[in-house]
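> Sharing a model prediction with you, sequence too.
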There are 2 protein chains.
Amino acid sequence: MHKKQIKLSDLAEELGISTATVSRALKNYPDISAETKQKVIALANKWNYRPNSLAASLRNKETHIIGVIIPEVVNHFFAKVIKGIMEVAYDAGYRVMLCQSNEDYDKEVDDAHALLSSRVDGLLASLANHTRTFEHFYDFMDSGTPVVFFDKTSPEIKDCSKVIIDDYSGAYQAVESLIQQGCKRIAHLQGPGNAHTFQNRLRGYLTALKDYQLPVDPDLIIECPEFTLNRGRLSAHQLVALPKGVDGLFAVTDLLAIGAMKGFREKGIQVPEEVAIIGFSNWEMVEAVFPPLSSVSQPGYEMGRQATQILLKEIKASKNEEDITHETVTLATELVVRGSSKSV
Amino acid sequence: MHKKQIKLSDLAEELGISTATVSRALKNYPDISAETKQKVIALANKWNYRPNSLAASLRNKETHIIGVIIPEVVNHFFAKVIKGIMEVAYDAGYRVMLCQSNEDYDKEVDDAHALLSSRVDGLLASLANHTRTFEHFYDFMDSGTPVVFFDKTSPEIKDCSKVIIDDYSGAYQAVESLIQQGCKRIAHLQGPGNAHTFQNRLRGYLTALKDYQLPVDPDLIIECPEFTLNRGRLSAHQLVALPKGVDGLFAVTDLLAIGAMKGFREKGIQVPEEVAIIGFSNWEMVEAVFPPLSSVSQPGYEMGRQATQILLKEIKASKNEEDITHETVTLATELVVRGSSKSV
DNA sequence: CTGAAAGCGCTTACAG
DNA sequence: CTGAAAGCGCTTACAG
């Protein structure tokens, strides 16, 4: 590998001045003569000089890189979060090192260690479904590197900021709406593991049933290990086969709900006449299926933006040795009713 | 910011040995005594030592980071590419710095410069729709940093590897299939800009028409500036309003095709009886709409994997000062016929 | 207005 | 088997 990248000393040598002066000229320090600045900048452009940011980062003890750990990239919600993160980061002059835990605790730990080694200035993380210990995150906090959790987090984690959505209320509203339109046997397609978000949606479901004096039937609660159309489809088949049947369904995520719609249709069940369905996330595709899917909005883009804004604020405070007050932002959810259920 | 991160010299001091020995012990050099190694490793674990990879990278002149420039993260195809990239990179001990050009040429240039400054070991890039000059990529090649383009590239770019799909054949097949099932007035929802992929799909469409002696009607070709359901929907309305109507549609991407299905349905047009529709990408959601959408498969995950494998091979060759033979891999596409068109 | 020098935290050729 | 020393490419306090 013979990378012939230009360095400061190459410019300095050609101009017959010191690297210190070149460095200062490029950073537009006020006490460098205009003439010197011009010469330096002209030469830097001529040679296409790109400063080695490794060296600068090592020296300055900041990398202007944000680490991101996300369970899964191929997921519309998380993709929007990433977009929000990258935009805010870019506007502030930060770059993003992205890691996908793949819902694997060991990989999550590994990624955290690598990002720590890379000396990222801050970390944005969303937990894998089965993460139960958090030492790999505490390592960041202990080293003074701010961490902000988004979406999938845990109440056990203290002393850091979080951006979450109101999963509980969103779920409650959805199920309440099904109840109010007359559903008596409402199923729930549940998310895997002990992820707090999914637990909160389950809690919203259970509480709504209880508040309206509807019994909880374990047969109506199906844990879906992965979020695919097919899993939703098969769950619908399973529900249709129940002796007492099903007349409503709230799914932890839209993909499962859409899969379930397909599964019901395959069994000749009419939506919403025989089974009313509500999903969660409200992604664009809910408009494309027929009937359009009712869903609870989950503002991923906004979540990414806000989490990054908080992180940048904490990075800045940490750099200035100011005190940091952590905050938990809860983004509102909203039930959007479409053809797959009735408005009440 | 008072990051109290442990460094080699802290370990060395506590053990009363040199940093050189600590460094070698941690890297399991053969000529370090087993006893020393154990002591070092025990202490490193105790203090949770994370080597500063900035320092190591600066010294070794390699970062084990791959730069990725992609037009858009919120796009199922690109998300799958990213997943493929990250998996292969991770397995080889590489990390990913992700940049989203947002289909903006200036941002693409900016991202390229930043990645060059970060001294990534290699670059994977897919062009923004309106990119027409490539200096920002040539900078990498000139500096000896391998670049592999995937999906959106340009024949003007020489001397580097590419992983693309056979857009032309996929499009040709799709349109041929529509013709063979009797469609006479086949519309095309076209992608924006001069992106080569979209041009090739357009070319497949035009050639198929020509081969079957069907006239090309400019009214039937609609350029869609962005890929949204609504854009597909409105395009369908526009086509329905044509005096001569439309009886087939090939869309440059599934989201537009699904939007068009919705648009036709809104106008009371039956799919596939009155208009047969075929999309491009074959993403999971095509199974969810009704009727299920016929589509040309576009293996994004595989594309990400292969592009990364080639890049890693070139990085290795470059490091060993071996000659590099660039290759262009063309992944096959396949028409998958479903309910929105008829098999022939 | 400019330069010499030290230092960020590693790694490794060289010496012993 | 281990250490002293140089160096990766920057930045900046200090001196002039």
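Arrived safely.

> all contacts plus neighbour counts: C-alpha atoms, from now on.
Fine.

> How about the residues of the stretch 51-200 of chain A by DNA strand D?
Contact residues (Cα under 7 Å from any atom of the strand) of the stretch 51-200 of chain A with DNA strand D: A:P51, A:N52, A:S53, A:A55, A:A56, A:L58, A:R59, A:N60.

> Apply 10 Å and report the result again.
Neighbours of DNA strand D within the stretch 51-200 of chain A, by Cα under 10 Å from any atom of the strand: A:P51, A:N52, A:S53, A:L54, A:A55, A:A56, A:S57, A:L58, A:R59, A:N60, A:K61.

> hmm, which of those are the buried ones?
With neighbours counted by 16 or more other Cα atoms under 10 Å in any protein chain shown, these contain buried members at A:P51, A:N52, A:S53, A:L54, A:A55, A:S57, A:L58, A:K61.

> How much space separates the first one from B:N200?
Remark: distance between A:P51 and B:N200 (Cα to Cα, to the nearest Å) = 39 Å.

> still on that earlier bit, restrict the buried ones among the residues of the stretch 51-200 of chain A next to DNA strand D to those near DNA strand C?
Checking these against DNA strand C by Cα under 10 Å from any atom of the strand, the ones in range are A:L54, A:A55, A:S57, A:L58, A:K61.

> For chain B, tell me which of these show up nearby.
A:L54, A:A55, A:S57, A:L58 (Cα under 8 Å from any Cα of the partner chain).

> mind putting these in TSV, pLDDT and secondary structure included?
Listed next are those as TSV, based on pLDDT from 0 to 100; DSSP: H, G, I helix; E, B strand; the rest coil:
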residue	pLDDT	secondary structure
A:L54	96	helix
A:A55	96	helix
A:S57	95	helix
A:L58	95	helix
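
> would you turn these into a markdown table with distance to A:S118?
Compiled in a markdown table, those are given as follows (distance: Cα to Cα, whole Å):
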| residue | distance to A:S118 |
| --- | --- |
| A:L54 | 10 |
| A:A55 | 13 |
| A:S57 | 10 |
| A:L58 | 10 |
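
> of all these, which comes closest to DNA strand D?
DNA strand D lies nearest to A:A55 out of these, by Cα to the nearest atom of the strand, at 3.9 Å.

> per-residue pLDDT, whichever residue of the stretch 151-300 of chain A sits closest to chain B?
Here the stretch 151-300 of chain A gets closest to chain B at one residue, A:V289, 4.9 Å apart by Cα to the nearest Cα. The model reports A:V289 with a pLDDT of 90.

> ok, it to A:A257 distance?
For A:V289 relative to A:A257 (Cα to Cα), the value is 11 Å.

> Pick out whichever of the two has more residues nearby.
The residue with more neighbours, out of A:V289 and A:A257, is A:A257; 33 against 24, by other Cα atoms under 10 Å in any protein chain shown.

> sorry, back to before: please list all residues in contact with the residue of the stretch 151-300 of chain A closest to chain B.
Going by Cα atoms under 8 Å, 6 or more residues apart in numbering or on different chains, A:V289 touches A:I258, B:A288, B:V289, B:F290.

> go again using 10 Å as the cut-off
Going by Cα atoms under 10 Å, 6 or more residues apart in numbering or on different chains, A:V289 touches A:258, A:261-262, A:339-340, B:258-259, B:261-262, B:285-286, B:288-292.

> that older thread, who touches both of A:V289 and A:A257?
Counting by Cα under 10 Å, 6+ apart, the shared contacts of A:V289 and A:A257 are A:S340.

> So is the top helix by length along chain A next to DNA strand D?
In chain A, assigned by DSSP state H, the helix with the most residues is helix A:300-319. No - using Cα under 10 Å from any atom of the strand, helix A:300-319 stays clear of DNA strand D, coming no nearer than 12.6 Å.

> And that helix, what's buried?
Of the residues in helix A:300-319, A:300-312, A:314-319 count as buried by neighbour count, 16+ other Cα under 10 Å.

> Likewise for stretch A:75-89?
Across stretch A:75-89, burial judged by 16+ other Cα under 10 Å covers A:75-89.

> Would that stretch count as contacting chain B?
Yes - Stretch A:75-89 reaches chain B (Cα under 10 Å from any Cα of the partner chain) through A:N75, A:H76, A:F77, A:F78, A:A79, A:K80, A:V81, A:I82, A:K83, A:M86, A:E87.

> Tabulate those residues in CSV, adding columns for secondary structure.
Formatted as CSV, the residues of stretch A:75-89 next to chain B follow (DSSP: H, G, I helix; E, B strand; the rest coil):
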residue, secondary structure
A:N75, coil
A:H76, helix
A:F77, helix
A:F78, helix
A:A79, helix
A:K80, helix
A:V81, helix
A:I82, helix
A:K83, helix
A:M86, helix
A:E87, helix
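
> Would you agree A:I164 falls within a strand?
Yes - counting by three-state DSSP, A:I164 falls inside a strand.

> Spell out which residues sit in contact with it, please.
Residues in contact with A:I164 (Cα under 10 Å, 6+ apart) are A:149-153, A:197, A:298-300, A:303, A:307, A:328-332.

> Okay, strands next: where are they in the stretch 51-200 of chain A?
For the stretch 51-200 of chain A, the strands defined by DSSP state E, counting those that start in this stretch occupy A:65-70, A:95-100, A:122-125, A:147-150, A:161-165, A:186-190.

> Give me the distance between the fourth one and the centre of its chain.
Going back to what we said before, that points to strand A:147-150. How far strand A:147-150 lies from its chain's middle: 9 Å, per Cα atoms, centre = their mean, to the nearest Å.

> ok, what's across the strand from A:V336?
On the basis of DSSP bridges, A:V336 is bridged to A:S295.

> which ones are touching it?
A:A174, A:I278, A:G279, A:F280, A:N282, A:L293, A:S294, A:S295, A:V296, A:S297, A:S343.

> Let me have the residues of stretch A:75-89 next to chain B in TSV, adding distance to A:E108 and pLDDT as columns.
TSV is the format used below for the residues of stretch A:75-89 next to chain B (distance: Cα to Cα, whole Å; pLDDT from 0 to 100):
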residue	distance to A:E108	pLDDT
A:N75	17	90
A:H76	20	90
A:F77	19	92
A:F78	16	95
A:A79	18	95
A:K80	20	95
A:V81	18	97
A:I82	17	97
A:K83	21	97
A:M86	20	97
A:E87	24	97
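
> Excluding chain neighbours, what is closest to A:L178?
A:G248 (6.5 Å; Cα to Cα, 6 or more residues apart in numbering or on different chains).

> A:Y205 is in contact with that neighbour, correct?
No - the pair A:G248 / A:Y205 is not scored as a contact, 11.8 Å apart, by Cα atoms under 10 Å.

> who's more crowded, these two?
Between A:G248 and A:Y205, A:Y205 has the larger neighbour count (other Cα under 10 Å), namely 29 against 26.

> which SSE is that one in?
Secondary-structure assignment from DSSP states H and E places A:Y205 in helix A:196-211.

> immediately after that helix, which helix or strand?
Immediately after helix A:196-211, counting by DSSP H and E, sits strand A:221-223.

> so what does that next one touch, helix or strand wise?
Strand A:221-223 is packed against strand A:186-190, helix A:229-240, strand A:248-251, with contacts defined by 3 or more Cα pairs under 10 Å, 6 or more residues apart in numbering or on different chains; DSSP states H and E.

> Nice, that's everything, thank you.
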